[in-house]
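>>> Whatever this is, show me its structure:
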Amino acid sequence: MARLNITEKQERTFRIESPVLAETPLNNTTTADFTSTSDNGIWKITLTRKNKELSVGIEWKTNTGCYSCKRTYSACNQCGQAFQCKSPYSTMSIVPCKKPNASTSASVSPTSWQNSSLVQCTLKHGDAVFKDKYLFDIVLFIGQNIPVIPVEPLESVPKNRDIMLTLLKDINSVDTCFVFESDKSYSNVGLWAHRVILTKYKKFDGIIQYASKKATTALSEKDDSKRDVTESSTPSIGRDENPAVLTIPVPKDFSLSTLSVLLRYIYTGEIKLTADLGQHAVSMTKSSLVIYDAMGKTRESVRWSPFDADSPWKLKDVTWEELLLAADHFGVSDMRKNCEDEVIGAMNQSNVVDTLFNIGCSFDTVKEAALDFIVKNMETMVLDGEDPFVAFKNHPDCHSLMFEVMRRRVKKA
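Prediction:
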């Protein structure tokens with residue numbers, strides 16, 4: 001006879017939504033009570049921001065009280081019978097809705113519930129933030145093994161991720177090359193991709209169509225003899241008879257690292273701030289990308305040169321601010337929203353003014369969050385006597401932004 005194993009599972013989940021807290025005392029903590037009908041108790045949730053961490057505390061008090069006369073004291077002064085708050089939960093887990101894999105857990109002593117003590121668990125502040133607010137689950141459960149928590153992903157990642165990664169570095173199928181002519185360090189480097197994948201974004205499609213028309217016009221302006229050789233070397237494929245290979249210059253504001261991270265997201269739905277060019281189709285060029293196919297000679301003037309782990313060229317990690325600007329420029333709207341959330345979640349007293357002027361002036365969501373942060377932390381930001389705005393006194397938006405800070409400060413008072 002087969003052995004039958006029966007395991008009792010009991011979980012309780014609280015969905016937490018709250019405005020982002022300031023870093024300074026008084027404004028860096030908030031509490032709320034929740035009365036439960038299922039266990040006849042009161043749950044108190046406390047959030048406290050500590051630098052780059054968010055501390056989450058929870059305590060439980062029973063409404064039942066004395067089992068004889070229902071009075072709520074640790075020892076009933078009505079009938080003298082002792083009683084305790086009892087809860088079966090032995091583990092507490094915090095699960096960010098944006099990054100479920102970044103969950104943290106802590107063991108809970110039975111005496112913590114009995115004494116109505118605060119049970120605490122911490123997680124990275126940025127992991128708790130989603131769309132300008134805290135959004136995460138507090139999960140209480142029996143036992144030490146963390147249960148599988150079905151959290152619906154906020155970003156869809158293609159199921160064929162491995163296929164897309166293979167395609168990303170396939171030198172035999174790529175047809176669009178990004179060049180970095182304004183970057184002296186990588187002026188001869190080409191980063192390749194596929195038009196059919198890029199054009200799912202409207203703005204990217206416009207950039208590709210513009211490059212295609214420009215290339216077609218350049219071909220038509222050549223004399224007959226040169227045109228014959230060139231046209232045989234760049235056969236037309238796809239719609240509107242686009243040239244088979246397109247070269248797209250990348251604006252000087254965007255580095256090779258930034259664009260490689262952007263492309264990886266477009267292909268896989270994943271964001272990794274460390275650029276790994278070993279996963280891309282990368283080439284070294286002579287001057288410009290021209291395909292030669294006449295007289296059976298070499299077909300390409302590019303030399304494929306993958307950047308592996310031993311490459312002497314080490315790329316810097318990309319910042320969320322850099323990635324946000326690139327996502328906006330190329331119209332990758334889903335990535336843009338993710339980057340905005342990360343930039344807002346990383347705000348602190350030392351970087352919020354820079355973020356306001358350098359990023360907020362172009363992104364309203366970031367600007368609003370930065371202004372609110374400055375208003376909440378104004379006292380400590382100017383306490384040392386230094387003007388946090390002095391570096392931007394010549395910025396064209398300095399006066400209007402300072403006025404807005406003062407207006408909100410007065411309104412809050």
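>>> would you say residue 46 is within a strand?
Yes - counting by DSSP: H, G, I helix; E, B strand; the rest coil, residue 46 is part of a strand.
>>> residue boundaries of the helices in the protein?
Remark: helices assigned in the chain by DSSP state H are 110-114, 125-128, 161-168, 195-198, 202-220, 224-233, 256-268, 320-329, 333-345, 352-355, 364-376, 378-381, 398-412.
>>> is it true that residue 315 touches residue 256?
Yes - using Cβ atoms under 8 Å, residue 315 is in contact with residue 256, at 6.6 Å. No exception for glycine: its C-beta is placed from N, CA and C like everyone else's.
>>> more crowded one of these two?
When neighbours are counted by other Cβ atoms under 10 Å, residue 315 and residue 256 differ, and residue 256 comes out ahead with 25 against 19.
>>> which residues touch the more buried one?
Residues near residue 256 by Cβ atoms under 8 Å, 6 or more residues apart in numbering: 180, 183, 186, 189, 191, 275, 277, 315.
>>> Now do it, the pLDDT please.
Looking at residue 256, its pLDDT reads 90.
>>> Enumerate every residue touching residue 34.
14, 42-45.
>>> same thing but 7 Å
Under the criterion of Cβ atoms under 7 Å, 6 or more residues apart in numbering, the neighbours of residue 34 are 43, 45.
>>> Dead centre of the chain: give me the residue that sits there.
residue 338 (4.3 Å; Cα atoms, centre = their mean).
>>> do you know how far that residue is from residue 371?
22 Å (Cβ to Cβ, to the nearest Å).
>>> sorry, back to before: out of the helices of the chain, which gets nearest to residue 52?
helix 125-128 (5.2 Å; Cβ to Cβ).
>>> circling back to that earlier point, which one of the contacts of residue 256 is nearest residue 264?
residue 275 (8.3 Å).
>>> Quick one: residues contacting the nearest residue to the closest one once chain neighbours are set aside.
Setting aside the residues directly before and after it, residue 275 is nearest to residue 257 in space (Cβ to Cβ, 6 or more residues apart in numbering), at 4.0 Å. With contacts defined as Cβ under 7 Å, 6+ apart, residue 257 is in contact with 275, 315-316, 318.
>>> Can you tell me which of these are buried?
The neighbour-count test (16 or more other Cβ atoms under 10 Å) marks 275, 315, 318 as buried among these.
>>> gap between the first one and residue 327?
Just to be clear, that refers to residue 275. Here residue 275 is placed at a distance of 15 Å from residue 327 (Cβ to Cβ).
>>> ditto for the last one
In this structure, residue 318 lies at 11 Å from residue 327, with Cβ to Cβ as the measure.
>>> again with the second one
According to Cβ to Cβ, residue 315 and residue 327 sit 18 Å apart.
>>> same deal with residue 53?
27 Å.
>>> Looking at those two now, which is surrounded by more residues?
Legend: neighbour count by other Cβ under 10 Å for residue 53 and residue 327, higher for residue 327 (25 against 16).
>>> which ones are touching the more buried one?
262, 335-336, 339.
>>> which of the buried ones among the contacts of residue 257 lies closest to residue 409?
residue 318 (34.7 Å).
>>> For that closest one, which residues are in contact?
257-258, 261, 273, 275.
>>> among those residues, which two are most distant?
258 and 273 (9.7 Å).
>>> More neighbours: which of the two?
Comparing residue 258 with residue 273 by other Cβ under 10 Å, the one with more neighbours is residue 258, at 23 against 15.
>>> need the helix or strand of the protein with the lowest average pLDDT.
Lowest by mean pLDDT, DSSP states H and E among the helices and strands of the chain is strand 236-237, with a mean of 34.
>>> what bridges to residue 33?
residue 44 (DSSP bridges).
>>> Quick check: it vs residue 119, distance?
Counting by Cβ to Cβ, the gap from residue 33 to residue 119 is 15 Å.
>>> So if I had to pick from these two, which one is more boxed in?
Per other Cβ under 10 Å, whichever of residue 33 and residue 119 has more neighbours is residue 119, with 21 against 10.
>>> thought that one was touching residue 107?
No - contact criterion Cβ atoms under 7 Å: residue 119 and residue 107 do not qualify, at 9.4 Å.
>>> least reliable of the helices of the chain going by mean pLDDT?
helix 224-233 (a mean of 44).
>>> Now render the buried ones among the contacts of residue 257 as JSON lines, adding distance to residue 137 and pLDDT.
As requested, those are exported to JSON lines (distance: Cβ to Cβ, whole Å; pLDDT from 0 to 100):
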{"residue": "275", "distance to residue 137": "33", "pLDDT": "87"}
{"residue": "315", "distance to residue 137": "36", "pLDDT": "76"}
{"residue": "318", "distance to residue 137": "30", "pLDDT": "91"}
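>>> Mind putting those residues into a markdown table with distance to residue 196?
Below are the buried ones among the contacts of residue 257 laid out as a markdown table (distance: Cβ to Cβ, whole Å):
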| residue | distance to residue 196 |
| --- | --- |
| 275 | 23 |
| 315 | 27 |
| 318 | 25 |
